[in-house]
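**Student:** I'd like to go over a predicted model; first the sequence, then the structure.
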Amino acid sequence: MKNVILGSTGISTLKNALGCLPLQRDSTEDAVKLIRRAYEAGWTFFDTARFYTDSEEKLGLAFEGIREKVFIATKTMCKTPEEFWNQLNTSLTNLKTDYVDLYQFHNPAFCPKPGDGSGLYEAMLEAKAQGKIRHIGITNHRLNVAQEAIESGLYETLQFPFCYLSTEKELNLVKQCREKNMGFIAMKALSGGLITNAAAAYAYINQFDNVLPIWGIQRMSELEEFISFQKKEPEYSGEIKQLVEKDRQELCGSFCRGCGYCMPCPQKIEINNCARMSLMLRRAPSASWLNEEWQKKMSLITTCIHCNKCSSHCPYGLDTPKLLQENYIDYQEVLAGRRSVS
Ligand code: SF4
Ligand code: SF4
């Protein structure tokens with residue numbers, strides 16, 4: 001298996017990296033075991049966020065004694081310099097370290113720049129000067145912010161959703177990052193659960209030598225599957241290519257990619273999952289989507305005020321309120337046992 005170099009950061013790491021959002025759902029003991037197993041298998045890049053509750057603490061525990069051997073990327077959703085410092089210092093404490101390798105603005109609505117009045121980029125520079133962070137990155141779900149970040153020359157990495165369902169627009173971001181010597185970190189490489197064939201997801205991304213996928217893994221069995229690719233890499237050909245083509249056809253057109261560009265919703269509807277619930281129920285184990293928590297989230301669809309804020313922001317031109325309604329009806333039918341998910 002190849003290494004990926006993250007642009008001008010010079011960070012060189014195995015093509016398999018760990019996205020640590022799902023670790024929030026593991027017990028501390030299981031999370032630490034999983035992180036250590038990944039490390040023992042050669043994984044050295046771990047991406048977390050201040051926003052992912054106790055994920056940073058779990059990483060901090062797992063990295064005792066090996067801090068210098070791994071790269072830690074975390075993120076801040078700060079809106080002010082004061083929040084920036086609070087969040088950075090909390091992350092450092094949780095991670096039991098005095099520096100992070102890559103510090104990223106976490107999905108900001110605009111691209112922070114020096115002199116824009118927010119003081120955020122200046123705080124990044126100061127943190128770098130103090131040695132608390134080594135490299136500055138940005139994550140986003142919006143094409144326009146990602147584009148601006150690339151053009152600004154201010155960021156060493158871009159983290160953006162990227163998988164075999166991505167369009168020419170995302171491919172273009174990957175290409176531009178290569179041209180600008182900027183690292184590209186692929187989030188949602190399993191499209192938030194829509195892609196269930198890990199080998200196909202891996203084989204597709206493996207075609208792009210400047211792309212580092214951070215696999216959102218919760219269970220040891222999922223981790224072992226990705227580790228197995230290190231011995232035998234799945235190739236983007238034959239059956240895998242056919243499966244990708246089939247998925248693209250099946251999912252083309254009016255399906256929600258879960259990108260979240262349309263959020264937040266004034267009614268707090270979790271659009272990026274609720275608008276594709278029918279797919280999730282049928283493409284992933286359905287039980288977890290039918291629990292009480294999700295029933296409550298789905299019931300919020302009935303409070304939609306049809307402001308159309310979501311559809312006006314959807315880059316795929318979806319009629320989001322209509323899609324939500326369709327998914328709600330299907331969900332109720334499945335719950336009542338009148339429709340099957342198989
Ligand atoms: S149309 Fe409905 S779902 Fe969309 S943003 Fe408005 S309230 Fe939320
Ligand atoms: S409705 Fe559109 S913008 Fe919203 S999550 Fe789905 S694909 Fe993204």
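**Tutor:** Yes, it's here. Ligands and ions are numbered 1, 2, ... in the order given.

**Student:** Relative to whichever strand or helix holds residue 137, what are the paired strands and their orientations?
**Tutor:** Per DSSP states H and E, residue 137 falls inside strand 133-139. Each strand paired with strand 133-139, and its direction, by DSSP bridges: strand 100-106 (parallel), strand 157-161 (parallel).

**Student:** May I see those strands organised as CSV, with mean neighbour count and distance to ligand 1 added?
**Tutor:** Quick note: C-beta positions are derived from backbone N, CA and C, even for glycine. Putting those into CSV (neighbours: other C-beta atoms under 10 Å; distance: least, C-beta to the nearest ligand atom, whole Å) gives the following:
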stretch, mean neighbour count, distance to ligand 1
strand 100-106, 24, 22
strand 157-161, 26, 20
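
**Student:** could you dump the ones you listed to JSON lines with mean pLDDT?
**Tutor:** Shown next, in JSON lines, are the strands paired with strand 133-139 (pLDDT from 0 to 100):
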{"stretch": "strand 100-106", "mean pLDDT": "97"}
{"stretch": "strand 157-161", "mean pLDDT": "96"}
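
**Student:** all helices for this structure, in order.
**Tutor:** With DSSP state H applied, the chain shows helices at 28-40, 55-62, 81-94, 120-129, 143-152, 168-179, 198-205, 220-228, 238-250, 271-274, 277-283, 292-299, 309-313, 320-335, listed in chain order.

**Student:** hmm, back to that, need the residues that contact the strand holding residue 137.
**Tutor:** Residues external to strand 133-139 that are found in contact with it (C-beta atoms under 8 Å, 6 or more residues apart in numbering): 9, 11, 73, 75, 88, 99-108, 111-112, 124-125, 127-128, 145-146, 149, 154-160, 183, 185, 187.

**Student:** contacting residues for the residue nearest to residue 2 when sequence neighbours are not counted?
**Tutor:** In space, and not counting its chain neighbours, residue 2 is closest to residue 15: 5.4 Å by C-beta to C-beta, 6 or more residues apart in numbering. Under the criterion of C-beta under 8 Å, 6+ apart, the contact partners of residue 15 comprise 1, 2, 3, 4, 205, 206, 212, 213.

**Student:** Just flag the most distant two among those residues.
**Tutor:** In these, the most distant members under the criterion C-beta to C-beta are 3 and 205, with 14.2 Å between them.

**Student:** Who has more neighbours out of the two?
**Tutor:** The neighbour count for residue 3 versus residue 205, taken as other C-beta atoms under 10 Å, is higher for residue 205 (21 against 13).

**Student:** Could you double-check that that one sits in contact with residue 213?
**Tutor:** Yes - the pair residue 205 and residue 213 passes the contact test of C-beta atoms under 8 Å, sitting 4.9 Å apart.

**Student:** Quickly list what's touching both of these two.
**Tutor:** For the pair residue 205 and residue 213, residues contacting each of them under the criterion C-beta under 8 Å, 6+ apart are 15, 162, 186, 189.

**Student:** By neighbours, which of those residues wins?
**Tutor:** Within the shared contacts of residue 205 and residue 213, neighbour counts (other C-beta under 10 Å) peak at residue 189, which reaches 26 neighbours.

**Student:** Need the phi and psi values for it.
**Tutor:** Dihedral angles of residue 189 (phi, psi; degrees, to the nearest 10) stand at phi -70, psi -10.

**Student:** Quick check: pLDDT value at the spatially closest residue to it that is not a sequence neighbour.
**Tutor:** Spatial nearest neighbour of residue 189, chain neighbours left out: residue 213 (4.3 Å); criterion: C-beta to C-beta, 6+ apart. Per-residue pLDDT puts residue 213 at 97.
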